[in-house]
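J.: Structure for the following, please:
(one chain, ligands or ions: 2)
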Amino acid sequence: MYLSNYFLPVLKDNPSEAQIKSHQLMLRVGMIKQSSAGIYSWLPMGFKIMKKIENIVRQEQDKIGAQELLMPTIQSAEIWKESGRYNDYGEEMLRIKDRQGREMLYGPTNEELVTEIFRSSIKSYKSLPQMLYHIQLKFRDEVRPRFGIMRCREFLMKDAYSFDLSDEDALLSYNKMFLAYLKTFNRLGISAIPMAADTGPIGGNLSHEFVILAETGESKIYADKRIFDLTTEKYLLTKESLKNMRLDYEKYYAVTDDKYNEKDFEKNVEKNNRLITKGIEVGHIFYFGDKYSKPLKGSVALQDGKKVDVKMGSYGIGVSRLVGAIIEAKFKDNIMKWPLSVSPFDIAILPMINKNDNTNMIKAKKIYDELKKNNIDVILDDTDENISSKIKKFNLIGVPYQVILGKKSEGDLLEFQETYKETKNLSLKDIIKIILTEKNLI
Ligand code: ATP
Ligand code: MG
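T.: Numbers count the residues shown, from 1 in each chain. Ligands and ions are numbered 1, 2, ... in the order given. Coordinates of the predicted model:
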């Protein structure tokens, strides 16, 4: 992509309406545009990043055997009346009437709809377990939409639902999802801590929030720092291994304000290991047994013909919120660095332009073609801005690698910059190797 052809409406200054870094930056570099309160359009660069996040989320869901479907955004009020949530959900739910006067709504979540799909197709215990998910827009008429896409009204969520025969099987599904979440956030370059949480309006008896640390987060968190030393490599998708995973994670105290208790915190966490900070919730998982299957008659027949209500869990990830959350976690000193796994481009070529001499531009185009040939996603800043503005702009955009064709690039040795590091002089071959190696690790 040549910058002159790219739809990237970068602003000179930070927009005054934005209070937090991610919101400022997303508006400034033209990733999103507000269309009305809490409702945003995703412009090409923002959308590209969100799609990359979505794909990683999808791959990790598929790996644990969850199956993707797509449910509509507009739902009938009928099933919500059956579950009893039509009245309970309150004003966050956007209620609509169609031309026939039928009550409809814009889905804030999908427990009812997915149970309705399940009950009309699955009749026997032989078809269990099932795990279904979709990645779809949701609408919640939040009282105070704020912080851009972090707390907005229309947002993209991955929501998965598990159906099992017994509590024990359901726990296995829950634990699989728990591991998939840890792996997903890892690949996104952030460490999200699972925290015991209240179940809130979804209800039920087991729940974890996945929270990343960030000063601008809305949740206050209390944790044992040692939880950050855990890694996921050793866990397999077996009952035993997943049980151990939960035990390993739950050894360490980690809760948000609603579950916080000073005495417990002080008793369980040594002074040196205590961490009190703020965080952003990027995912939330629930086990709620037959809370929805009972009223909605989501049951299966056992071998002897007897019917049992299936045990369900639901599992959300804020796909669009993650775009902002990654920025909040990564931004420092006015410089942004996207993890290569979700970066809008792998590398930028920034040539210094001299009016009477087009050598740099010719060289830049050659490098561009060579990178493209190696399947590296490259953007070339072919505008006639001066080199320091180009560097500043790409520091703000957060492309993790840059080739700067200025005074320091000599012949085949190119000035190469990896964000937050000193520049180096490297051959194009070496640069390609560095990027391909890192891409292969993702
Ligand atoms: P919160 O406490 O932040 O309102 P929630 O508990 O209502 O979240 P869930 O219903 O579990 O959220 O939704 C799953 C995920 O969807 C959340 O973990 C979050 O990442 C994302 N999410 C929820 N509400 C919003 C919103 N208004 N804007 C953007 N993302 C959201
Ligand atoms: Mg909410």
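
J.: Return the set of buried residues in the longest strand along the chain.
T.: Of all the segments of type strand in the chain, defined by DSSP state E, the longest one is strand 274-289. In terms of neighbour count (16 or more other C-beta atoms under 10 Å), strand 274-289 has its buried residues at 275, 278-289. Using the backbone N, CA and C atoms, a C-beta is placed for each residue, glycine as well.

J.: Output those residues as TSV; include the columns pLDDT and distance to ligand 1.
T.: What follows is those, written out as TSV (pLDDT from 0 to 100; distance: C-beta to the nearest ligand atom, whole Å):
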residue	pLDDT	distance to ligand 1
275	96	20
278	95	13
279	96	11
280	97	8
281	97	5
282	98	5
283	98	5
284	96	3
285	96	8
286	95	8
287	95	13
288	93	12
289	95	17
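
J.: Report the distance from the helix or strand just after the longest strand of the chain to the chain centre.
T.: Where DSSP states H and E defines the elements, the next helix or strand beyond strand 274-289 is strand 299-301. Put simply, strand 299-301 sits 35 Å off its chain's centre (C-alpha atoms, centre = their mean, to the nearest Å).

J.: again with stretch 52-62
T.: Averaged C-alpha coordinates place stretch 52-62 at 9 Å from its chain's average position (C-alpha atoms, centre = their mean).

J.: anything in that stretch near ligand 1?
T.: No: using C-beta under 6 Å from any ligand atom, we find that stretch 52-62 stays clear of ligand 1, coming within 11.4 Å at best.

J.: Provide the contact partners of that stretch at residue level.
T.: 68, 133, 135, 156, 158, 160, 180-181, 183-184, 187-188, 317, 319, 322-323, 326, 341-343 (C-beta atoms under 8 Å, 6 or more residues apart in numbering).

J.: could you flag which of those residues are buried?
T.: Buried among the contacts of stretch 52-62 by 16+ other C-beta under 10 Å: 133, 135, 156, 158, 160, 180-181, 183-184, 187-188, 317, 319, 322-323, 326, 341-343.

J.: So which of the residues you listed reach ligand 1?
T.: Counting by C-beta under 6 Å from any ligand atom, no member of those is near ligand 1.

J.: Tell me which entries of the contacts of stretch 52-62 lie within strands.
T.: 68, 133, 135, 156, 158, 160, 317.

J.: so the first one sits right up against residue 131, yeah?
T.: No: here residue 68 lies out of contact with residue 131, judged by C-beta atoms under 8 Å, at a distance of 10.3 Å.

J.: The residue in the stretch 251-400 of the chain that ligand 1 sits nearest to: what's it in contact with?
T.: Here the residue of the stretch 251-400 of the chain nearest ligand 1 is residue 318; by C-beta to the nearest ligand atom that distance is 2.2 Å. Going by C-beta under 8 Å, 6+ apart, residue 318 touches 155, 156, 157, 281, 282, 283, 325.

J.: show me what contacts the closest residue to the last one other than its chain neighbours?
T.: Excluding the flanking residues, the one nearest residue 325 by C-beta to C-beta, 6 or more residues apart in numbering is residue 280, at 4.7 Å. For residue 280, the set of contacting residues under the criterion of C-beta under 8 Å, 6+ apart consists of 150, 211, 212, 214, 216, 217, 218, 219, 321, 325, 328, 329.

J.: Can you flag the buried ones in those residues?
T.: 150, 211, 212, 214, 216, 217, 219, 321, 325, 328, 329.

J.: of all those residues, which comes closest to residue 121?
T.: Nearest to residue 121 out of these is residue 321 (C-beta to C-beta; 31.6 Å).

J.: from memory the closest one sits against residue 149, does it?
T.: Yes: at 6.5 Å, residue 321 counts as touching residue 149 under the criterion of C-beta under 8 Å.

J.: quick one: common contacting residues for these two?
T.: Taking C-beta under 8 Å, 6+ apart as the contact rule, residue 321 and residue 149 both touch residue 155.

J.: pLDDT on stretch 10-23, on average?
T.: Across stretch 10-23, pLDDT averages out at 90.

J.: Any idea how far that stretch is from the middle of the chain?
T.: Worked out by C-alpha atoms, centre = their mean, stretch 10-23 lies 21 Å from the chain centre.

J.: quick one: it near ligand 1?
T.: No: against ligand 1, stretch 10-23 shows no contacts by C-beta under 6 Å from any ligand atom, the least distance being 12.0 Å.

J.: and that stretch, how far apart are its ends?
T.: End-to-end span of stretch 10-23 (C-alpha to C-alpha, to the nearest Å): 14 Å.

J.: list the buried ones in it?
T.: 18, 20, 21, 22, 23.

J.: could those go into TSV alongside distance to residue 414 and secondary structure?
T.: Converted to TSV, the buried residues of stretch 10-23 look like this (distance: C-beta to C-beta, whole Å; DSSP: H, G, I helix; E, B strand; the rest coil):
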residue	distance to residue 414	secondary structure
18	36	coil
20	36	coil
21	31	helix
22	32	helix
23	35	helix
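
J.: so can I have TSV of those residues showing distance to residue 417?
T.: Below are the buried residues of stretch 10-23 laid out as TSV (distance: C-beta to C-beta, whole Å):
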residue	distance to residue 417
18	27
20	27
21	22
22	23
23	27
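
J.: one step back: what sits opposite the residue nearest to residue 325 in the beta ladder?
T.: On the basis of DSSP bridges, residue 280 is bridged to residue 212.

J.: Residue numbers of the stretch 101-250 of the chain in contact with ligand 1?
T.: So far as C-beta under 6 Å from any ligand atom goes, the stretch 101-250 of the chain lies against ligand 1 at 109, 140, 142, 151, 152, 155, 157, 200.

J.: in stretch 159-178, what counts as buried?
T.: Applying 16+ other C-beta under 10 Å to stretch 159-178 flags 159-165, 169-178 as buried.

J.: In helices only, show me these.
T.: Here DSSP state H is the test, and the buried residues of stretch 159-178 give 169, 170, 171, 172, 173, 174, 175, 176, 177, 178 as lying in helices.

J.: For the protein, identify the residue most remote from the centre.
T.: Relative to the centre of the chain, and counting by C-alpha atoms, centre = their mean, the farthest-placed residue is residue 356 at 46.8 Å.

J.: now the helices for this structure?
T.: Ranges of helices in the chain, per DSSP H, are 21-28, 44-63, 77-83, 85-88, 111-121, 167-187, 239-250, 262-268, 319-330, 359-373, 387-397, 428-441.
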